[in-house]
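>>> Dropping a prediction and its sequence here:
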Amino acid sequence: MKRLRKYLPDHRAVRNNRWLAPFGGTLLHPRLWHLNRRSAAGGIAVGLFCGLIPGPFQMLGAAICAVLFRVNLPLALIATLYTNPLTIVPLYFVAFALGRAALGEPDGGAFTAPPGYGPAGLSAWIKALSAWMIGLGEPLALGLLLLASLLALAGYVATRLAWRIYLVRQWHRRKARID
């Protein structure tokens, strides 16, 4: 945990940043920057949940949720990075299958791949991606919500468990040094 702390920004870096100055009152809340088992697990959970937000709004969603829930902001932002051009299609496919299963729909039907980014530009790609998502409809929306919730829960539990294992090992090392 000490290694991780040296890479996280402190209050002074945020307070002195001219771009973040208008949000200083909100962004300087100590729980957003403090690294303990609750804030770290919450930050990971928020990041994993918001990582499935479509489009480029994942980090914005993670930042807003981190501020609302008062969990570690840097970890929430970093945890969104599990989605990238290589992982998004498999994740959406799993979400679609999960949504179909939750709705009790048969396994048949076609899953069409999302549109690729083309020479038409970002706005055309976003419109095509939105049309693709609307075409997949309810199973994808429900599946994304379920998958995001499952990932957030798994991340929260795994982080708490890893933190507990780390603490127990530290206690045993300390006890061995004393004995």
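Received, thanks.
>>> which parts of the helix or strand hosting F96 are buried?
F96 belongs to helix 88-103 when elements are defined using DSSP states H and E. Within helix 88-103, the residues scored as buried using 16 or more other CB atoms under 10 Å are 91-92, 95-100. Heads up, the C-betas are built off the backbone N, CA and C, glycines and all.
>>> now those residues as CSV including pLDDT?
Listed next are the buried residues of helix 88-103 as CSV, based on pLDDT from 0 to 100:
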residue, pLDDT
L91, 94
Y92, 89
A95, 93
F96, 88
A97, 89
L98, 93
G99, 90
R100, 88
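>>> which intervals of this structure have sub-threshold pLDDT?
When residues are selected by pLDDT under 70, those of the chain lie in 1-28, 107-112, 135.
>>> At the geometric centre of it, which residue sits there?
Centroid-nearest residue in the chain: G47, 1.9 Å away (criterion: CA atoms, centre = their mean).
>>> I figured that one was touching A79, is that so?
Yes: with contact defined as CB atoms under 8 Å, G47 and A79 form a contacting pair (2.3 Å).
>>> Identify the contacts common to these two.
By CB atoms under 8 Å, 6 or more residues apart in numbering, G47 and A79 have these common neighbours: 62, 155.
>>> Going by contacts, tell me the helices and strands next to whichever helix or strand comes after the helix holding F96.
Per DSSP H and E, the first helix or strand lying C-terminal to helix 88-103 is helix 122-178. In terms of contacts (3 or more CB pairs under 8 Å, 6 or more residues apart in numbering; DSSP states H and E), helix 122-178 is packed against helix 37-50, helix 88-103.
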